[in-house]
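Novice: Below are the sequence and a predicted model for it; my questions follow.
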Amino acid sequence: MKKIIVMTMGGLALTFAMLILQAPASAGNVVSLRGDNSLPTNISAPKLFKAEEPEKLFSRAYKGAPPLIPHQVDYNKDKYKITIRKNGCLDCHDKSVSDKPKSPKADKSHYTGPNGVIGDEIFKSRYYCAQCHVPQLQTEPLVVNTFVGSK
């Protein structure tokens with residue numbers, strides 16, 4: 001037991017001596033993965049786009065894709081606020097609301113639970129609309145592409 005303690009203390013002393021005697025690394029020796037490219041000093045925020053009501057709805061990206069929202073949405077305002085007690089989207093899109101022009105009702109899949117039973121209220125996992133539905137914006141594509149949505 002005494003031999004193990006002496007060897008451990010000797011190893012620690014040797015490690016400590018090596019750390020003290022080693023020359024400190026200078027930042028000049030560090031090479032960035034970017035190479036010589038330095039970071040820009042003045043980075044501006046990305047451009048924000050204002051939602052405008054489109055002349056026609058965008059086609060869906062694929063069959064079964066959630067439709068885009070064709071109007072402005074501000075989830076901080078009471079009209080569209082989604083909380084545990086109130087979902088502003090359902091004021092126009094719930095199946096219990098009378099038909100309003102240009103306001104499609106939520107699909108029956110939103111009312112279907114995991115057991116396959118269709119209920120009278122939006123199922124809990126479909127309650128937060130913004131997790132799937134986003135406002136559509138007329139912007140330039142980030143990259144050139146020839147994508148055509150589903151018809």
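Specialist: Everything's here; your move.
Novice: Centroid-nearest residue for the chain?
Specialist: For the chain, the residue sitting closest to the mean C-alpha position, by Cα atoms, centre = their mean, is Gln131 at 8.5 Å.
Novice: And that one, its phi and psi?
Specialist: phi -70, psi -20 (degrees, to the nearest 10).
Novice: Retrieve the pLDDT associated with it.
Specialist: For Gln131, the model assigns a pLDDT of 89.
Novice: Ala45 too?
Specialist: 70.
Novice: Pull up the per-residue confidence for Thr15.
Specialist: On the pLDDT scale, Thr15 gets 83.
Novice: helix, strand or coil for it?
Specialist: Of the three states, Thr15 takes helix under DSSP: H, G, I helix; E, B strand; the rest coil.
Novice: could you list every residue that touches it?
Specialist: If you count contacts by Cβ atoms under 8 Å, 6 or more residues apart in numbering, Thr15 has none. C-beta coordinates here come from the backbone N, C-alpha and C atoms, glycine included.
Novice: Check the spacing between it and Ile4 real quick.
Specialist: Separation of Thr15 from Ile4 (Cβ to Cβ, to the nearest Å) stands at 16 Å.
Novice: before we move on, what about Glu53?
Specialist: Per Cβ to Cβ, Glu53 is found 79 Å from Ile4.
Novice: for His93, what are its contacts?
Specialist: Contacts of His93 by Cβ under 8 Å, 6+ apart are Ser103, Pro104, Lys105, Ala106.
Novice: Among the residues you listed, name the buried ones.
Specialist: Buried members of those, counted by 16 or more other Cβ atoms under 10 Å: Lys105, Ala106.
Novice: Lowest-scoring secondary structure element of this structure by mean pLDDT?
Specialist: Using mean pLDDT, DSSP states H and E, the weakest-scoring helix or strand in the chain turns out to be helix 2-21, at a mean of 82.
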